[in-house]
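In: below are the sequence and a predicted model for it; my questions follow.
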Amino acid sequence: MGLEELRRASKRLLLEIIRSAAERRSVALKAAAEKLRLGLPLEDPSVEAELWAAAVEEAGRLGMDERAAGRLTWSLVRDALIAEGALREEPIAQPGASEEDVVRLDLDLWAPLLELRGEGTSSLEEAEARLAEALGAPRGSLVAFPSWREALRVVLSAMADGSGVFVYEPVHPWIVRAIWEAGGRPYRVHREVGDCWRVSAPEASRRGWMVLLEDPDYVTGISHREKELAEVYSAADSAGMPVIHASACTLTSAPLQGSAHAGASVSVGGLGCALGSIDAGPSWAVSRALSERLRRLRDSLGMLPRPTDVSAAASAMASGALEGVRGEIRRRIDILGSLIPSGLLEYCEPSSGPHAFMTGRRPPAWMSGVAVARGSAFGSYADGFRINFMVDEDSLRLGLGRLILSLLPRGQASGARTSPSGARATP
């Protein structure tokens, strides 16, 4: 067969794949209608796991790369979920609204609470060694990055391609998208707000899957209990599933490094909560087994942090300057608690860094002139949303005031107004 014939055959096969994908989407829409009629959830992880296993098995039989088969499977599953409406997100504002009309409690930006002072250092390797020492991580196990997203993106590229990934909801929405982009399939594990987001090991374990745990909060000094973490690590280790322990606000990697089940797992952290954005300042990934692979990937992608920034982060952690950061975030959490009436919205500490995850029946926030973070990452929490409580205090009070008024019964809401500071007042 000549080159032109091979090209025509290749094109024919590609178009057959596209037609099959379109046909599969049509079937998925019919299945979604039937699920809704029967009162079933749109997502069924056990069915998706069977699809993945069948695809990988067939790929192996045909001599195809298993990761490529897994990546293709998850791409088709995601297309079906989008068609079914399972990945729909809440709009930011009403059509035609100006930016001035909307209080933005959905952004990952806030006033910095700490200033890193650049320090001279001879090399990135030396700076990483200083940061590893400040974190109590083994020398050579830490890889520094310019930002948290870049660190997590490289980690997912190294580990999640073609794999299923257990993530605990509620989870930062970007993480879910990043798993899809890395060629993986995020599978959300439900946690109860009434149990303060307690984590437990996934009930299922499957070949080719892993666990991604976004720790709620190290900045305020509140984090998952050691017993919980040990349960997750132990279950993941016995099932052969690596763990990615991620937090934009992690100030220590001790829980992962102290585990006997770390293995090929990775801890991802940064100082973003202290610096005004999850992407502010240097971040890091710590792994006993994968550090060299992560370093090669980082270098090949050009994601090199400045040695002075990495060294400054090490000095900040060693100096105790982060205690003031913890105190300011603690004060904001107290403001949050004082503004939200009991019974209207349910939330529980720890809040994730500068964020509070809440649940409660409510009209869409954008109808009240407030933008909140909402969407596919909240999974089973149909009424769940996230706000950034580290915005300026006036915006926080005004935004929460509007949300609270929208939740009050019509008679109460009409008899109350929101003052310029956002506090509820009665005329």
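Out: Sure, I can see it.
In: distance of Glu16 relative to Gly70?
Out: In this view, Glu16 and Gly70 are 21 Å apart by C-beta to C-beta, to the nearest Å. Backbone N, C-alpha and C define where each C-beta goes, glycine included.
In: who's more crowded, these two?
Out: Gly70 (24 against 10; other C-beta atoms under 10 Å).
In: quick one: low-confidence parts of the stretch 101-250 of the chain?
Out: 119-121, 170, 172-173, 192-207, 215-228, 248-250 (pLDDT under 70).
In: what ranges does it have for its strands?
Out: Assigned by DSSP state E, counting those that start in this stretch, the stretch 101-250 of the chain shows strands spanning 103-104, 142-145, 164-168, 185-189, 209-214, 243-246.
In: partner strands of the longest one, with direction?
Out: On the basis of DSSP bridges, the sheet neighbours of strand 209-214 come out as strand 164-168 (parallel), strand 243-246 (parallel).
In: what about stretch 273-284, how long is it end to end?
Out: 14 Å (C-alpha to C-alpha, to the nearest Å).
In: ok, stretch 138-147 next?
Out: End residues of stretch 138-147 are separated by 21 Å (C-alpha to C-alpha).
In: contacts for that stretch next, please.
Out: Applying C-beta atoms under 8 Å, 6 or more residues apart in numbering, the contact partners of stretch 138-147 are 124, 127-129, 131-133, 135, 151, 154, 257, 270, 272, 278-288, 291, 294-295, 298, 303-306, 309-310.
In: just give me how far stretch 390-405 sits from the chain centre.
Out: 24 Å (C-alpha atoms, centre = their mean, to the nearest Å).
In: let's see that stretch as PDB, backbone CA atoms only.
Out: Taking C-alpha atoms only, stretch 390-405 is exported to PDB below (Å, rounded to 0.1, in the frame of the first residue of the first chain):
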ATOM      1  CA  MET A 390      -9.900  37.000  52.300                       C
ATOM      2  CA  VAL A 391     -11.200  39.700  50.000                       C
ATOM      3  CA  ASP A 392     -11.400  43.200  51.500                       C
ATOM      4  CA  GLU A 393     -13.700  43.300  54.500                       C
ATOM      5  CA  ASP A 394     -16.200  45.700  52.900                       C
ATOM      6  CA  SER A 395     -16.700  43.300  49.900                       C
ATOM      7  CA  LEU A 396     -17.000  40.300  52.300                       C
ATOM      8  CA  ARG A 397     -19.700  42.000  54.400                       C
ATOM      9  CA  LEU A 398     -21.600  43.300  51.400                       C
ATOM     10  CA  GLY A 399     -21.500  40.000  49.500                       C
ATOM     11  CA  LEU A 400     -22.500  37.900  52.500                       C
ATOM     12  CA  GLY A 401     -25.200  40.400  53.300                       C
ATOM     13  CA  ARG A 402     -26.700  40.000  49.800                       C
ATOM     14  CA  LEU A 403     -26.500  36.200  50.100                       C
ATOM     15  CA  ILE A 404     -28.200  36.200  53.500                       C
ATOM     16  CA  LEU A 405     -31.000  38.400  52.300                       C
END
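In: Trp52 - nearest residue in space that isn't next to it in sequence?
Out: Thr73 (5.3 Å; C-beta to C-beta, 6 or more residues apart in numbering).
In: ok, the one you found touching Glu58?
Out: No. Between Thr73 and Glu58 there is no contact under C-beta atoms under 8 Å: 10.1 Å.
In: more neighbours: which of those two?
Out: Between Thr73 and Glu58, Thr73 has the larger neighbour count (other C-beta under 10 Å), namely 22 against 11.
In: for that one, what are its contacts?
Out: So Thr73 contacts Leu51, Trp52, Ala55, Val56, Arg185 (C-beta under 8 Å, 6+ apart).
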